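Asks: I would like to see how this sequence folds:
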Amino acid sequence: MDRAARRQPRLRLVTAMREGTSWQDAAAAAGLSVCRATAYNCARRVRVSGEAGLDDGRHGHPSKFRQPVRDWLVAYCHEHPGAPSRAVQAALRQRFGLAVSRSQINRVRAALGLSRRPQGAGGKYAIPGAAGTA
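Replies: Below you'll find the model as predicted:
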């Protein structure tokens, strides 16, 4: 969805609210599912910033694990299956110049099925004698 397509429903919401329509009816007419606070925040942003207030204004940064980095991570974890996250972190910094937290590395490894721990190995709260534990 392009920028203009994302702005149109918000513009309809704010316009309807300015004309006296309740926020619930304005949101429904605009095809938006928003709460009261979001509707009024959007109206306030437009009042203060003009049409620039219709933009998302999301915070954060773009994903650091784009496809080339993911491909490298998969290859690295297959070559070094027992590598701790701190080693992966250092290798990412050296190869790509990326500063990525170990917790983020662990989340991505888990999502890609590259967890260091074998499946069923248990963890901190593993039940002794249960399947997959010693």
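Asks: could you say what helices and strands the longest helix seen in the chain packs with?
Replies: Identified as the longest helix of the chain according to DSSP state H is helix 3-18. Contact here means 3 or more Cβ pairs under 8 Å, 6 or more residues apart in numbering; DSSP states H and E; on that basis helix 3-18 packs against helix 23-30, helix 36-49. (C-beta placed from N, C-alpha, C; glycine too.)
Asks: where does residue 113 land on pLDDT?
Replies: With respect to pLDDT, residue 113 has a value of 87.
Asks: residues near it, how many?
Replies: Close neighbours of residue 113, defined as other Cβ atoms under 10 Å, add up to 9.
Asks: helix or strand for it, which one?
Replies: Using DSSP states H and E, residue 113 sits in no helix or strand.
Asks: domain parsing for the protein?
Replies: Domain assignment of the chain by automatic domain parsing yields the ranges 3-54, 67-111.
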